[in-house]
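Participant: Coordinates only, no sequence provided:
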């Protein structure tokens, strides 16, 4: 590798040292730091957007929104950290009658975290993205393995974070940014080396199933296994029901086509499978969908690797038995562009051929036509874990199909009613993660302030003098956070 | 195996079915159920204690306390569940100006959980122990693989839970109790089979490193990996400092000997390593410790397997180079009894010979004599993850040895100041778990209401009509729980 092992070891060592420093910071200080990073990113001008556009082919308007979202992530996570939500301070006071001890617990950072930037969000899920923000909020130093698809963009973001570290006088090891040389295999080696490093304590990843699962396996085969949160995408099925189709087949088709082709279909939550029972409503939907897809022009994908995979996977699924072409963009694509396509098949065929359930990263979907609700239920039961499942239905449709609704609750992290899943809002209530294989641990999210939880661990202090306790647990509640004291939530000092 | 595979499959299938039922229960209903289990266990009379005593050789007074503790676990976890602490309801209301959606998230059970009872706590960490209580509190059906060391006790406990299930009219599959036939290897096979079962979604375990690690590996090699919380014990080092030793060497020796030999040393938090710098204080401590150990009679261990391991491991550590016998109980042990012993060695030798850091489950310790504080710091740095670390010190000692204090914060789940770690109180602030290898995931605890967290996962609802939302997320806050609404904690309805 072009990054010699010594260099990687040195960055890990710096992170270990920085962790000792971060342990001494309060949530208030870390929150202020995070707002300063947000300010710095906000201040990066058109050069950032132009660079990202050149590297990813994503439109400037989309990148402008993603930049604002990324700034918002740093700010909202900072605010949540400052509130002490992830500190989870619990204090049980001693009782001389029962002999009970003084025990106090709070969450602190788990240690150095390795973050893998994703290709499809050069700001929000990359070098200065949500994983980095949540790890620093938790009190963990971060080592980012920057994505090879947008190295200049990532470097600008890394420089912004480094500048704030310098302003704050923090140790350089709080944040490291490692780039491979784009030779195939090199990035993978760096990632594997960092994940296996004994001083690394957790991993955050967004990307493909194969990439995430490989890191998960490395992490679990270490002498000391470590937690890996890998968000690995899914096909995000949409289940549409008869009344809804009857009421608004054409409108739904437009929304679905727009969601499917948004950002050239390059979203983890892209709705790649559509399931409905045959009938007039579905026929109207198909017609409207076909014309929407016909009219959607191909667009340049993130990079040549993703384009090549899209072409290959699209061909594989399209070549399965008992599959027909429903619609394809009427415009021929040039090399590097994703040309939207939708194939259709029967529920019977979809149920028996697992290949049709595989994710095709790009503007591609499988429309599944069921004979009846029983087949739809069978598909719901057979589904693997998903980031999202969408129910396109009237209230009455849901009442009639309660069992399907109940089954899909076990299959996804987020359930949508009559919306499209491609927007992943950065709010407390967001769940971005789901049962395997969409994610390696369904108990956590990588979007929203709750993403911080992945990187904290509890530490209890028994019978310690106030002097030695972390500020979060001292008698005086100087930070004004909510603490559970003797079983009751309170902001009062002791 | 004497439990044919069909039987195990059937119990898992019943658990899957019961999970659908449990998803429909509210936290209030589950809390009431848990109090009913507590009542039922409370009502089990002397027969339970006598049975457990016959099976484990644990004294009746200890078992009486453990029974009360177990009842207390069910009640305190129930109260925490009812408060909605683990529901973590978050609601972000829609905003027509910004176009933001209505998103609501809460935690529900992860699915069927397999629990492995421990040998050393036939009530509190076994069939009706903390893992079972926390999983049911989370809304998960439980399949217990009962420990072979106390099958009649476990069966009485299992019958108590089954009776409450019947009283409540709940599906039988909410709780299953599986026993092997005590043939070596059979229990292991049952455990492996259940852990590998595709419909099982999480595992709770308390026991040996080898047992826990084997289950962890099986779970991570499944097609769908699942979380395993395995608490695997540790040596729970005690670091004693000079001023404290000067002030109270004799008192500390008594406390330490009592903690080390409590329950024939059969605690996960047994303090098996004692470290101090040479000097008058340590000499006084050694003398007092030796006489306390000499005077402590051997006692019957939990079972012949544990006794055999104790004898073997004690001999292995005692047979290492540069080790000498500090003290042994003056009373010869008969077959099956654990005879307390303490060996001593230099810090230099302890640092270079990893065998001396291995856990010996029973009344055995290694006293490590350091030349200076640097050697003590080196030991702290070299330590693997521990459930507990104890600092025996004056305030001034801690001030002088800040660096050691800071290093041990990364090595344990619970830090004690001048106490002994063998008491594990069932309170919110308890942390029972720690960095690997004491535990497979340092982010969770198996004691205290927070144990529930291991078995919940978040599910988000986007744009759903109130009618279909779980009661925890409806506009009306019928359960009166604290919810984070638009970023602020509130009990108000919407």
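Facilitator: Sure thing, it's come through. Quantities reported herein were computed from a predicted structural model and do not represent experimental measurements.
Participant: Next, the contact list for residue A:465, please.
Facilitator: B:395, B:417 (C-beta atoms under 8 Å, 6 or more residues apart in numbering or on different chains). Just so you know, the C-beta spots here come from the backbone N, C-alpha and C atoms, and that holds for glycine as well.
Participant: try 6 Å this time
Facilitator: residue B:395 (C-beta atoms under 6 Å, 6 or more residues apart in numbering or on different chains).
Participant: and it, how far is that from residue A:481?
Facilitator: 21 Å (C-beta to C-beta, to the nearest Å).
Participant: surely residue A:326 meets residue A:340?
Facilitator: No - assessed by C-beta atoms under 6 Å, residue A:326 is found out of contact with residue A:340, at 11.0 Å.
Participant: more crowded one of those two?
Facilitator: residue A:340 (28 against 20; other C-beta atoms under 10 Å in any protein chain shown).
Participant: Quick check: that one touching residue A:295?
Facilitator: No - using C-beta under 6 Å, residue A:340 makes no contact with residue A:295, being 9.6 Å away.
Participant: Just give the nearest non-adjacent residue to residue A:81, would you?
Facilitator: Nearest residue to residue A:81 in three dimensions, chain neighbours excluded: residue A:137, at 4.2 Å (C-beta to C-beta, 6 or more residues apart in numbering or on different chains).
Participant: Phi first, then psi, for residue A:14.
Facilitator: phi -60, psi -40 (degrees, to the nearest 10).
Participant: For it, list the residues it contacts.
Facilitator: So residue A:14 contacts residue A:173 (C-beta under 6 Å, 6+ apart).
Participant: measure it to chain B for me?
Facilitator: Separation of residue A:14 from chain B (C-beta to the nearest C-beta, to the nearest Å): 16 Å.
Participant: Quick check, pLDDT for that residue.
Facilitator: Confidence at residue A:14, expressed as pLDDT, is 98.
Participant: What's the local residue count around residue A:373?
Facilitator: 15.
Participant: Quick check: phi and psi at it.
Facilitator: Per degrees, to the nearest 10, the backbone of residue A:373 is at phi -70, psi -30.
Participant: And it, how far from residue A:365?
Facilitator: Counting by C-beta to C-beta - residue A:373 and residue A:365 are separated by 21 Å.
Participant: List the contacts of the helix or strand containing the residue nearest to residue A:81.
Facilitator: Using DSSP states H and E, residue A:137 maps to helix A:130-138. Applying C-beta under 6 Å, 6+ apart, the set of residues contacting helix A:130-138 from outside is A:73-74, A:77, A:81, A:109, A:113, A:115, A:142, A:204, A:446-447, A:451-452, A:455-456.
Participant: Which of the residues in stretch A:276-294 are classified as buried?
Facilitator: The neighbour-count check on stretch A:276-294 (16 or more other C-beta atoms under 10 Å in any protein chain shown) flags A:276-277, A:281-282, A:284-286, A:288-293 as buried.
Participant: Out of these, name the ones that lie in helices.
Facilitator: Cross-referencing those against helices under DSSP state H gives A:281-282, A:284-286, A:288-293.
Participant: could you dump those residues to JSON lines with distance to residue A:122 and pLDDT?
Facilitator: Shown next, in JSON lines, are those (distance: C-beta to C-beta, whole Å; pLDDT from 0 to 100):
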{"residue": "A:281", "distance to residue A:122": "40", "pLDDT": "97"}
{"residue": "A:282", "distance to residue A:122": "38", "pLDDT": "98"}
{"residue": "A:284", "distance to residue A:122": "39", "pLDDT": "98"}
{"residue": "A:285", "distance to residue A:122": "34", "pLDDT": "98"}
{"residue": "A:286", "distance to residue A:122": "35", "pLDDT": "98"}
{"residue": "A:288", "distance to residue A:122": "33", "pLDDT": "98"}
{"residue": "A:289", "distance to residue A:122": "30", "pLDDT": "98"}
{"residue": "A:290", "distance to residue A:122": "33", "pLDDT": "98"}
{"residue": "A:291", "distance to residue A:122": "33", "pLDDT": "97"}
{"residue": "A:292", "distance to residue A:122": "28", "pLDDT": "98"}
{"residue": "A:293", "distance to residue A:122": "27", "pLDDT": "98"}
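Participant: now the helices for the stretch 101-250 of chain A?
Facilitator: Assigned by DSSP state H, counting those that start in this stretch, the stretch 101-250 of chain A shows helices spanning A:130-138, A:151-168, A:186-196, A:209-221, A:242-261.
Participant: Make JSON lines out of those helices and add mean neighbour count and mean pLDDT.
Facilitator: Shown next, in JSON lines, are the helices of the stretch 101-250 of chain A (neighbours: other C-beta atoms under 10 Å in any protein chain shown; pLDDT from 0 to 100):
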{"stretch": "helix A:130-138", "mean neighbour count": "30", "mean pLDDT": "98"}
{"stretch": "helix A:151-168", "mean neighbour count": "19", "mean pLDDT": "97"}
{"stretch": "helix A:186-196", "mean neighbour count": "19", "mean pLDDT": "89"}
{"stretch": "helix A:209-221", "mean neighbour count": "18", "mean pLDDT": "96"}
{"stretch": "helix A:242-261", "mean neighbour count": "20", "mean pLDDT": "97"}
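Participant: before we move on, the earlier item: out of the contacts of helix A:130-138, who's nearest chain B?
Facilitator: The closest of the contacts of helix A:130-138 to chain B turns out to be residue A:456 (C-beta to the nearest C-beta; 7.0 Å).
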